[in-house]
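J.: can you look at this prediction? I've put the sequence above it.
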Amino acid sequence: MNKKHASLVKGLFIAAGFLSTPFASADVLCEGKIQNIYKWSDRQTLSIQVATPEGVTNWIRMPTKSDESMALTAFASEKTVQVRWEGDLNFTKCVDGWPHNTEFEGWWLIKG
């Protein structure tokens, strides 16, 4: 194999390595009480903010009516919630960890 082909093969292996590297994904667990809830007239769902020991999260848009129901229940009863972001979102922290009104992906829990 000549030098030209060898460097092409080397370049292809390097490119394949970058493409096979897993993409960063969200794996962030935020725990606290829902501090604020709002709904804009032009939006179909609520957004919440959770007060954590580190501070208050950015707004989290609730994707479904059942999420909204859980949020209202937790807010009214002042229960602690756990919000677990999952997926290909590249979040690493609870406070200022995502753009405001990002639609929630993952699971969450109202603690009893």
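T.: Done, it's in. Residues are numbered from 1 along each chain as shown.

J.: which element, helix or strand, includes L72?
T.: helix 65-77 (DSSP states H and E).

J.: what does R43 give?
T.: Per DSSP H and E: nothing holds R43, as it lies in no helix or strand.

J.: tell me where the model's unsure across this structure.
T.: Within the chain, the ranges that satisfy pLDDT under 70 run 1-26.

J.: apply 80 and report the result again.
T.: Per-residue confidence for the chain (pLDDT under 80) gives these ranges: 1-26, 89.

J.: can you list contacts of the helix holding L72?
T.: 33-34, 37, 45-46, 48, 62, 79, 81, 104, 108, 110 (CB atoms under 8 Å, 6 or more residues apart in numbering). Heads up, the C-betas are built off the backbone N, CA and C, glycines and all.

J.: before we move on, what about stretch 27-46?
T.: With CB under 8 Å, 6+ apart as the criterion, stretch 27-46 contacts 47-53, 56-57, 59, 61-65, 67-68, 71-72, 74-75, 78-86, 91-94, 97.

J.: buried stuff in it?
T.: Going by neighbour count (16 or more other CB atoms under 10 Å), the buried part of stretch 27-46 is 28, 30-32, 34, 37, 45-46.
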